[in-house]
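J.: when you get a sec, could you give me coordinates for this:
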Amino acid sequence: MALRGSLRAGRALLRAPGPPARGLCGRPPAFGFLFDVDGVLVRGSQPVPAARRAFQRLADGGGRLRVPVVFLTNAGNCLRSDKARELSRALGLQVSPEQVILSHSPLQLFSQFHQRCMLVAGQGPVEENAHNLGFKHVVTIEALRKAYPLLDMVDLSRRPKELPPPPPTGFPTIEGVILFGEPVRWETSLQLIADVLLSNGNPGAELQDVPYPHLPILACNMDLLWMAEAKMPRFGHGTFLLCLESIYKKVTGKELKYEALIGKPSPVTYRYAQYLIQQQAERQGWKAPIRRLYAVGDNPMSDIYGANLYNNYLKSAQQNQVQAGLKRSPQAASAQAEVSLDLRNDCKNSVESCESILVCTGVYRPDSTAPKETEETVFHGHRDFCFDPSLVQASHIVQDVDEAVQLAFKKENWS
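T.: Residues are numbered from 1 along each chain as shown. All right, here's what the predicted structure looks like:
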C-alpha cells in the first residue's frame, strides 16, 4: 500500500508546477544518475520504449550527456565494452565502458587476492573478466573438470567411459573462488566448488577433516530474480548462491561464508559508482560538486534496497559513524569495509544523498508485487543482509525511466 501511495505522489510531483527555469542548462549539474539496466532500460534484448525518450532529455543536441550517468547492472557474463556497445545501440547515443559497472567491476579493488590462484565460475568471458580485474592466476570450472573428470558425475553422457589418467602434474592448488554469475550447468559448478572448498583447494584428494574457515569466496550479483522477456521473473545468481549455501550447510553443518558480496545492494558497489560519477564530472570540467545521486531501478530487493542502504551510509558517514548493513558474515563485512575505506580516500565526500526511484517496467508491478497490509513481506535479498522494511520502500515510484528523469529534473530545477 505504501508503494502505491508513493507512485501517486511521484506522479503528482511530475504534474506540479515548478519554479521557472533560470538558465539551468548553463550551470553545471550537482547531481548524477545511477541507472539499472534490465527492467529499466531493456527487457532481455529489447529496449524499453521510454529509455530513448529519457536519454533524449539527458543529452544535448550533439548527443553528449549533460549530467553524469553510470549504468549500474548486476549482469556479469560479458565484458564492460560489450555492455557499453549494447547500451549504445539501445539508447541511440555513445556509452563508454567507463560508464558501465557490472556486478564484478569493484573486484579490481580487492588487490589482496589478485596474486592468488582463483577458481572462477559463471558464464561468458570469465577468464578475460578476471584478468581485466587484476587477477593473475585463474582456473575455470571447465579446466578443473577436464583435469579431474571423475568429479562431474550427474550427466551420464559426460561420465568417463574408462578410467581417466591422473591429473596433469603441476596443476595448481586453488586458493580462492570467484563467483561471477549463474553458470549454465549448475550441477557441475555446485559439485566442483563444493569439492574445492571441502578439499582446501585440492579436489583430487580424499576427504579428511573439513577445513573451516574454508577458502575465501568472492561472490558477485546477489539477485534472486531478474526480468527478461518472459512474463514472470527468472532465477538469478542469488538463487545459485542459495543452492550453494544450502548444500554446504547440509554437508558440513557449517555456514558458507563470503569474503565479499559485490554488486547491488552492496554499499561497495554504490561507493564505486559514486567514484565514477565524480570522475565523469571532473573530466567534463563541471566545477560544481556532485551533491545528490538518483538511483533508478525495477527491483525493490536489489536496486531500492541498495540505494536506500547507501543513502543511510552517506548520512551516517556525515556523522562519522559506520553504517552496518550486513548481519552475519564478519569476513564479508571486514573486507567490504576495507575497500569502502580505500574508496573514501579516493572519493570527494561531497555527495549528501542517494534517492531511490522505482519504475514499473520490470520486476516490480504495482498491482501484483506490492504486499498487502496483512501480509508479511517475503525477503528476496541475500542471507547476509538484514531485512529492514524501510529499505525496500522507494523514495519515489514512477511508471518508467523517462518519468524518473523528469522527476529528478523537477527536483533539481533543471531543464
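J.: give me the distance from stretch 62-73 to the chain's centre.
T.: 18 Å (C-alpha atoms, centre = their mean, to the nearest Å).
J.: ok, residues contacting it?
T.: Residues from elsewhere that reach stretch 62-73 (C-beta atoms under 8 Å, 6 or more residues apart in numbering): 25, 29, 31-38, 41, 58-60, 83, 87, 93-95, 99-103, 264, 269-270, 273, 276-278, 280-281, 284, 286, 290, 295, 414. Backbone N, C-alpha and C define where each C-beta goes, glycine included.
J.: any weak-confidence spans in the stretch 1-150 of the chain?
T.: 1-25 (pLDDT under 70).
J.: helices of that one, start to end?
T.: 2-15, 49-58, 80-91, 126-132, 141-147 (DSSP state H, counting those that start in this stretch).
J.: test my guess that Arg159 contacts Met153.
T.: Yes. Shown here, Arg159 and Met153 form a contact pair, counting by C-beta atoms under 8 Å, at 5.9 Å.
J.: for Arg158, which non-adjacent residue is closest in space?
T.: Nearest non-adjacent residue to Arg158, counting by C-beta to C-beta, 6 or more residues apart in numbering: Asp152, 6.0 Å away.
J.: ok, now Asn349?
T.: Ala317 is the one closest to Asn349 (C-beta to C-beta, 6+ apart), at 7.2 Å.
J.: residues in contact with the most centrally placed residue in the chain?
T.: For the chain, the residue lying nearest the average C-alpha position, counting by C-alpha atoms, centre = their mean, turns out to be Gly263 (2.6 Å). The contact partners of Gly263, taken as C-beta under 8 Å, 6+ apart, are 74, 76, 103-104, 220-223, 269.
J.: including neighbour count and distance to Arg66, could the residues you listed go into a markdown table?
T.: Listed next are those as a markdown table, based on neighbours: other C-beta atoms under 10 Å; distance: C-beta to C-beta, whole Å:
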| residue | neighbour count | distance to Arg66 |
| --- | --- | --- |
| Asn74 | 30 | 27 |
| Gly76 | 25 | 29 |
| Ser103 | 27 | 28 |
| His104 | 30 | 30 |
| Cys220 | 27 | 31 |
| Asn221 | 30 | 31 |
| Met222 | 30 | 33 |
| Asp223 | 31 | 31 |
| Thr269 | 27 | 25 |
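J.: report the two of those residues separated the most.
T.: Spatially, the most separated pair among these is His104 and Asp223, at 13.3 Å (C-beta to C-beta).
J.: ok, back up a step: how about JSON lines for the helices of the stretch 1-150 of the chain, with distance to Leu241 and mean neighbour count added?
T.: As requested, the helices of the stretch 1-150 of the chain are exported to JSON lines (distance: least, C-beta to C-beta, whole Å; neighbours: other C-beta atoms under 10 Å):
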{"stretch": "helix 2-15", "distance to Leu241": "26", "mean neighbour count": "15"}
{"stretch": "helix 49-58", "distance to Leu241": "29", "mean neighbour count": "18"}
{"stretch": "helix 80-91", "distance to Leu241": "22", "mean neighbour count": "18"}
{"stretch": "helix 126-132", "distance to Leu241": "16", "mean neighbour count": "18"}
{"stretch": "helix 141-147", "distance to Leu241": "15", "mean neighbour count": "18"}
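J.: need those in TSV with distance to Val196, can you?
T.: Below are these laid out as TSV (distance: least, C-beta to C-beta, whole Å):
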stretch	distance to Val196
helix 2-15	42
helix 49-58	41
helix 80-91	28
helix 126-132	15
helix 141-147	8
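J.: wait, which of those helices is closest to Met227?
T.: helix 49-58 (14.1 Å).
J.: that closest one packs against which elements?
T.: helix 80-91, helix 401-412 (3 or more C-beta pairs under 8 Å, 6 or more residues apart in numbering; DSSP states H and E).
J.: columns distance to Asn311 on top of the ones you listed, output as JSON lines?
T.: Below are these laid out as JSON lines (distance: least, C-beta to C-beta, whole Å):
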{"stretch": "helix 80-91", "distance to Asn311": "25"}
{"stretch": "helix 401-412", "distance to Asn311": "15"}
